[in-house]
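>>> fold the following for me, if possible:
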Amino acid sequence: MFRFEKLEVWQRAIAFADRVYEITRDFPSDERFGLTSQLRRAAVSVSSNIAEGSGRSSDKDFAHFVEIAYGSLMEVVSQGQIVVRRSYLPMEAHDEMYQHVEELARMLSGLKNSLLRSSPPSGS
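Reported below is the predicted structural model:
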């Protein structure tokens, strides 16, 4: 088992991506290369960046990839607003997705802080 596979935040990010795929399944077909694709890629990027970062040579580098994962999560928030405004997603589904985003955001922040605390200061 790889380091990232043991992380609860990675496991939840995988579940989140699955949920985003389910949510976007019924979006209009003309959005397949637009918002559907954007939302899915942003959701997949969260777990992918956690995985990639875990393979880096230092916890500081890993923390940088956790920041990128956090940014991808924020993309989902922004895109979520658009799909609600376009009436592609009911508010209840949006709210559920948003709760998952908030949870993942907290977990990513905690992981980043933990990684940075364990990294030696620059210049050591």
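>>> in the chain, where is pLDDT below threshold?
121-124 (pLDDT under 70).
>>> give me that answer again for 90
118-124 (pLDDT under 90).
>>> in terms of helices and strands, where is Ser114?
Remark: Ser114 resides in helix 91-118, with elements defined by DSSP states H and E.
>>> what packs against that helix?
Applying 3 or more C-beta pairs under 8 Å, 6 or more residues apart in numbering; DSSP states H and E, one finds that helix 91-118 contacts helix 8-24, helix 35-54, helix 59-85. Placement of C-beta: from N, CA and C, glycine included.
>>> so who does the residue nearest to Val44 when sequence neighbours are not counted touch?
Using C-beta to C-beta, 6 or more residues apart in numbering and skipping the chain neighbours, the partner closest in space to Val44 is Ala17 (5.0 Å). By C-beta atoms under 8 Å, 6 or more residues apart in numbering, the contact list for Ala17 reads 40, 43-44, 46-47.
>>> try 7 Å this time
43-44, 46-47 (C-beta atoms under 7 Å, 6 or more residues apart in numbering).
>>> ditto for His100
Here His100 is in contact with 16, 19 (C-beta under 7 Å, 6+ apart).
>>> Val46 versus that one, what's the distance?
Per C-beta to C-beta, to the nearest Å, His100 is found 10 Å from Val46.
>>> which residues do those two both contact?
By C-beta under 7 Å, 6+ apart, His100 and Val46 have these common neighbours: Phe16.
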